[in-house]
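Engineer: any chance you could fold what I've pasted below:
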Amino acid sequence: MEGLSLYFEDSHDDLDDIGFDDYGSECDGIRITAFLDAGQDNLTPLGRLEKYAFSENVFNRQIVARGLLDVLREFSDNENDFISVMETIGRMSEDGEPTVRAELMEQVPNIAMFLHESRPNFPDAFSGYLLPIVVRYLTDPNNQVRKTSQAALLVLLEQELICKTDIEEKVCPVLVELTEPCSDDDYKIEAVAIMCKLVNMLSKDTVEDLLLPRFCELCSDVRLFQVRKVCAANFGEFCSIVGQEATEKLLMPKFFALCSDSLWGIRKACAECFMIVSNCTSPEVRRTKLSPLFISLISDQSRWVRQAAFQSLGRFISTFANPSSTGLHFREDGISREVSQSLSESNELQMTPARCEASDNANEKQIQPDTSSTPPSESQTAPPSSSSSSLSTSASPSPVPAADRRQDSSGPVAVVSAGPVVSAQPSSALVLTESSGCENVAQGPSEAEPDSFTSFLYWRPPLPDITQDLLQLLHSDSGPEEQGVPSLDVEGPSTSSQIQKVLDCLQPHLDDPDVQAQVQVLSAALKAAQLESQSEDIEQEEMTTETRHSDLPQTLVLNPADEQTNPETQLPEYQGSPPTSPLLMDHSQSSGLDLIESVEEEKDCEDEKRKVQQDVIPQPLLDQYLSMTDPARAQTVDTEIAKHCAFSLPGVALTLGRQNWHCLKDTYETLATDVQWKVRRTLAFSIHELAVILGDQLTAADLVPIFNGFLKDLDEVRIGVLKHLYDFLKLLHAEKRREYLYQLQEFMVTDNSRNWRFRYELAEQLILIIELYSHSDVYDYLRQIALNLCSDKVSEVRWISYKLVVEILQKLYACGAHDLGLNFINELIIRFCHCPKWVGRQAFAFICQAIVEEDSMPMAQFAQHLLPSLLSLSSDPVPNVRVLVAKALRQSIVEKPYFKDPGSAYSDELEEAIMELQTDKDRDVRFFASQDPNKNVMNTVALI
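Structural biologist: Take a look at the predicted model:
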């Protein structure tokens, strides 16, 4: 090829049929603007541009379109020539060949960027010449040209090269016009896509004024499902821009219509953007309208819609999160933190962080009863894992929420106060006992621990002890002959009357909040005693009825009411004499057993329902989320539905709060034992975040066993807990945390020995973990692991392990354990400085430099114990060792004030070693020994 200019001669007939693509690869290395060079035609550069820009040869016009940016650079110095080139571009945009127009449009973003950087009047030039071309090409009949113009428009918007006025006056009106009902179908579909991508780059006012009305019309387009599908896929973006008011007023009806569309693809798109839409609505709309709508998507007839809905379920639930109720919030960096609250008591005692944490966990065990009955209380004997322990009795060891306790008023009631504890047992005995500080509800003969923590002490001042007043009142009622503490082991009416008298005495003092609390306590006790009394009256009537029935003849037909009597109270009537009615006795026994079984089954069902009761999110949403672990879901919805459940579980837990952890506990344990390692891996990567959400007590009770299981799992699962090992261990108590010291060595063993990144991650985590343990534990357990990692086959692992060694040494000296530090130094000298392999000696030089740079130990100790060994390596036979010795001496050690002191005992030795290295036969050694420490230091990682 003699020159590019030859290819622009019109006389070359053999090029008439050659297309642009045919010569694309050959022209890459050729200067495209060569056609502007002087030739035999005696034309000016602008004339030559005009000649080839409007040549009859299509290939010539394509080349000019491709080289427009270079052409502008050539003529940018002269304003008149620049205007002429821009006018030529405008005329070229009307070329009849689609490939020329497409090539021209591809250059528009580059030309716009050049003009923006080099032309002071860029807005006028771009708005007057280039933007009209872009807008006009949006309606080009050729599909390739339209696609190119759409891509160019988005690039110009992203780079903010189009001013707001041009967007509102030139771009948006064209898009609105293209989306009119009478517009061409292809234009409408493409314009809707551009409009939805454009909305994120516009202001709220612009979107509401220009695009929102048309978008609402397009959502209801009955002729083109493609338009509705694009609107559904981008519905969340519009909601995010226009805000809550416009979303609920204008967009929400359209969203409901799209969610019930006849095409499953549109409903699927709605399910995928459900979380964004939910974020733009009020809590009331989210709970009352969006929740039922989402349930309909979950139960959709299309499997793909159900799949998308279940994948978005956890994210939708997370929109119900309220930091004021959960006590937690989620920052952008993904770290959960507690919402700080200033809590103080009347005695000016401030809660410590530990008390705040314990208080939060204690709140999980609280049952908030009706304000007219009892104040909040907690069971001290409940394990930490129970998230909603209630007041327990000997008759019913399972937790009973307050709502259910109010419904079943015939059960036993236990009432707790800060002063005397009034406990109503199944028998009619009512005993007053003194409580010393903490509120305890005894279960049978067990005694509550005296040092148990309760949040009740810290949310209000302790109530005054009025036990003596109560005892005096009760003593006066029981008669003069009774001595000591009055016993209330009497019949129900008598007990009720005594409590009523106490209540009457407290009525004049109801203005005192402390007395109000005591009244609430005694009112509940009175209610329990009255219920017990009524129960005994009913039993007495039943016994009388049974006695009458025993005198009836054998042929007497059973009364249906008799089937409800207690079989245990009937049996003694028939055991004393021969059975006069076998049918009666057998039937009563069987009915009694059936009644007991039915009551137990009903109780189990209620306990199961009660286990997942909460009021943070609509219960149907939680039920659907909990069902994601059902194996049937994997068959009917998605084989990876359990993984999606595990992925969103921390967000759901954050939304529910630690007080409702009991709703998710069983689901989490099921996911932790899932047969798919991907599910367990997902949980392993997020267990540290869940621990922050739940707090230390629930973490120790529920997460630690699962964490221990992950430690023995596959490497794909273990890497999850390893990456956040420090984050999880720091949340545990010191005693529990110390148990993992024995298991850290197990991370050195992997399923695949080539998995060096696993060992690299272990070294990184050990650097962080050092601060969690004492210096003796670090020396006994972490030291040997660090030394083994320093001998790894992979250089990256050794590199990070040398830093670990330095951190261990710094920990020992910071804690004053100089003896252990000296022992460790001697071990480093033996293992590395005297190592027969040059890699070990090189590592010693690097460790010494890192120790000096990090000030890991006193320089006097370094000079005494490490410097002589380092200086001995200055004459090592291996140049790579001498390179790092020279770097350590010249860049780090001699710059320390301790060694700069003229009176230093080691200044002469250091100067002699550096001079020897500066005359070394190796060029790299001489370079590092002579380099100025203040200059940029060359990276020598590759040498290690």
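
Engineer: give me the contact list for stretch 153-166.
Structural biologist: Counting contacts by Cβ atoms under 8 Å, 6 or more residues apart in numbering, the residues outside stretch 153-166 that touch it are 108-109, 112-113, 116, 123, 126-127, 131, 134, 138, 167, 171, 194, 197-198, 201, 203, 206. Any C-beta I mention is one placed from the backbone N, CA and C, and that applies to glycine too.

Engineer: brain fart, stretch 720-735
Structural biologist: Contact partners of stretch 720-735, identified using Cβ under 8 Å, 6+ apart, comprise 681-685, 687-688, 691-692, 696, 699-700, 704, 707, 710-711, 737, 740, 747, 758, 761-762, 765, 768-769, 772.

Engineer: picking up where we left off before, drop anything exposed from the contacts of stretch 153-166.
Structural biologist: 108-109, 112-113, 123, 126-127, 131, 134, 138, 167, 171, 194, 197-198, 201, 206 (16 or more other Cβ atoms under 10 Å).

Engineer: where are the low-confidence patches of the chain?
Structural biologist: Across the chain, residues meeting the criterion (pLDDT under 70) sit at 1-43, 119-123, 325-496, 511-517, 521, 524, 527-529, 531-612, 933-944.

Engineer: rerun that using 80 as the cut-off
Structural biologist: Along the chain, the model assigns pLDDT under 80 to residues 1-53, 72-79, 81-82, 118-127, 164, 201, 323-614, 901-905, 931-944.

Engineer: all strands for it, in order.
Structural biologist: 328-330, 336-338, 414-415, 420-424, 430-434 (DSSP state E).

Engineer: helices of the stretch 101-250 of the chain, residue ranges please.
Structural biologist: If you assign secondary structure with DSSP state H, counting those that start in this stretch, the helices in the stretch 101-250 of the chain sit at 122-125, 131-137, 143-158, 164-166, 172-178, 185-198, 204-206, 212-219, 225-233, 235-246.

Engineer: can you give me the neighbour number for the closest residue to Glu764 other than its chain neighbours?
Structural biologist: Using Cβ to Cβ, 6 or more residues apart in numbering and skipping residues adjacent in sequence, the residue nearest Glu764 is Ile800, 6.1 Å away. Applying other Cβ atoms under 10 Å, we find 20 residues neighbouring Ile800.

Engineer: so who does Ile800 touch?
Structural biologist: With contact taken as Cβ under 8 Å, 6+ apart, Ile800 is in contact with Tyr760, Ala763, Glu764, Ile767, Leu789.

Engineer: from Asn200, how far out is Glu237?
Structural biologist: Per Cβ to Cβ, to the nearest Å, Glu237 is found 6 Å from Asn200.

Engineer: which residue of these two possesses the greater neighbour count?
Structural biologist: Glu237 (17 against 14).

Engineer: wait, the more buried one touches Val199, no?
Structural biologist: Yes: contact status for Glu237 versus Val199: in contact at 5.4 Å, counting by Cβ atoms under 8 Å.

Engineer: ok so, going back, of the helices of the stretch 101-250 of the chain, which stretch is the most buried?
Structural biologist: Between the helices of the stretch 101-250 of the chain, the one whose residues have the most neighbours on average, counting mean count of other Cβ atoms under 10 Å, is helix 225-233 (a mean of 22).

Engineer: gap between the residue nearest to Glu764 and Met915?
Structural biologist: With distances taken as Cβ to Cβ, Ile800 is found 34 Å from Met915.

Engineer: now Ala646
Structural biologist: Taking Cβ to Cβ as the measure, Ala646 and Met915 are separated by 64 Å.

Engineer: likewise for Val502?
Structural biologist: Counting by Cβ to Cβ, the separation of Val502 from Met915 is 98 Å.

Engineer: ok, Arg315 next?
Structural biologist: Note on Arg315: its distance to Met915, by Cβ to Cβ, is 67 Å.

Engineer: more neighbours, these two?
Structural biologist: Residue environment comparison for Arg315 versus Met915 gives the larger neighbour count to Arg315, 19 against 10, counting by other Cβ under 10 Å.

Engineer: could you find the closest non-adjacent residue to that one?
Structural biologist: Closest residue to Arg315 in three dimensions, ignoring its sequence neighbours and counting by Cβ to Cβ, 6+ apart: Met275, at 4.0 Å.

Engineer: dump the residue contacts of Glu117.
Structural biologist: Counting by Cβ under 8 Å, 6+ apart, Glu117 has no contacts.

Engineer: for it, give its distance to Leu72.
Structural biologist: In this structure, Glu117 and Leu72 are 12 Å apart, going by Cβ to Cβ.

Engineer: that older thread, okay, now the residue nearest to Arg315: neighbour count?
Structural biologist: Met275, neighbours per other Cβ under 10 Å, totals 18.

Engineer: check Thr639 too.
Structural biologist: Residues near Thr639, counting by other Cβ under 10 Å, number 11.

Engineer: and what of Leu789?
Structural biologist: When counting by other Cβ under 10 Å, one arrives at 22 neighbours for Leu789.

Engineer: and the helices of the stretch 101-250 of the chain as JSON lines, adding distance to Leu258?
Structural biologist: Output for the helices of the stretch 101-250 of the chain, formatted as JSON lines (distance: least, Cβ to Cβ, whole Å):
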{"stretch": "helix 122-125", "distance to Leu258": "39"}
{"stretch": "helix 131-137", "distance to Leu258": "30"}
{"stretch": "helix 143-158", "distance to Leu258": "24"}
{"stretch": "helix 164-166", "distance to Leu258": "30"}
{"stretch": "helix 172-178", "distance to Leu258": "21"}
{"stretch": "helix 185-198", "distance to Leu258": "14"}
{"stretch": "helix 204-206", "distance to Leu258": "22"}
{"stretch": "helix 212-219", "distance to Leu258": "6"}
{"stretch": "helix 225-233", "distance to Leu258": "5"}
{"stretch": "helix 235-246", "distance to Leu258": "7"}
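
Engineer: Glu909: which of those is closest?
Structural biologist: Taking Cβ to Cβ as the measure, those were each checked against Glu909, and helix 143-158 came out nearest at 62.0 Å.

Engineer: tell me what angle that closest one forms with helix 185-198.
Structural biologist: Per axes from the mean of the first three to the mean of the last three Cα atoms, to 10 degrees, the angle that helix 143-158 makes with helix 185-198 is 20 degrees.

Engineer: dump helix 143-158 to PDB, restricted to CA.
Structural biologist: The C-alpha atoms that make up helix 143-158 are tabulated as PDB, following Å, rounded to 0.1, in the frame of the first residue of the first chain:
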ATOM      1  CA  ASN A 143     -32.000  -0.100  13.700                       C
ATOM      2  CA  GLN A 144     -28.200   0.100  13.900                       C
ATOM      3  CA  VAL A 145     -28.200   3.900  13.800                       C
ATOM      4  CA  ARG A 146     -30.900   4.100  16.500                       C
ATOM      5  CA  LYS A 147     -29.100   1.800  18.800                       C
ATOM      6  CA  THR A 148     -25.800   3.700  18.300                       C
ATOM      7  CA  SER A 149     -27.600   7.000  19.000                       C
ATOM      8  CA  GLN A 150     -29.200   5.600  22.200                       C
ATOM      9  CA  ALA A 151     -25.800   4.400  23.500                       C
ATOM     10  CA  ALA A 152     -24.200   7.800  22.600                       C
ATOM     11  CA  LEU A 153     -27.000   9.600  24.400                       C
ATOM     12  CA  LEU A 154     -26.500   7.600  27.600                       C
ATOM     13  CA  VAL A 155     -22.800   8.200  27.500                       C
ATOM     14  CA  LEU A 156     -23.300  11.900  27.100                       C
ATOM     15  CA  LEU A 157     -25.700  11.900  30.000                       C
ATOM     16  CA  GLU A 158     -23.400   9.900  32.300                       C
END
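
Engineer: do I have it right that Tyr898 meets Ser904?
Structural biologist: Yes: distance between Tyr898 and Ser904: 6.6 Å, which falls inside the contact criterion (Cβ under 8 Å).
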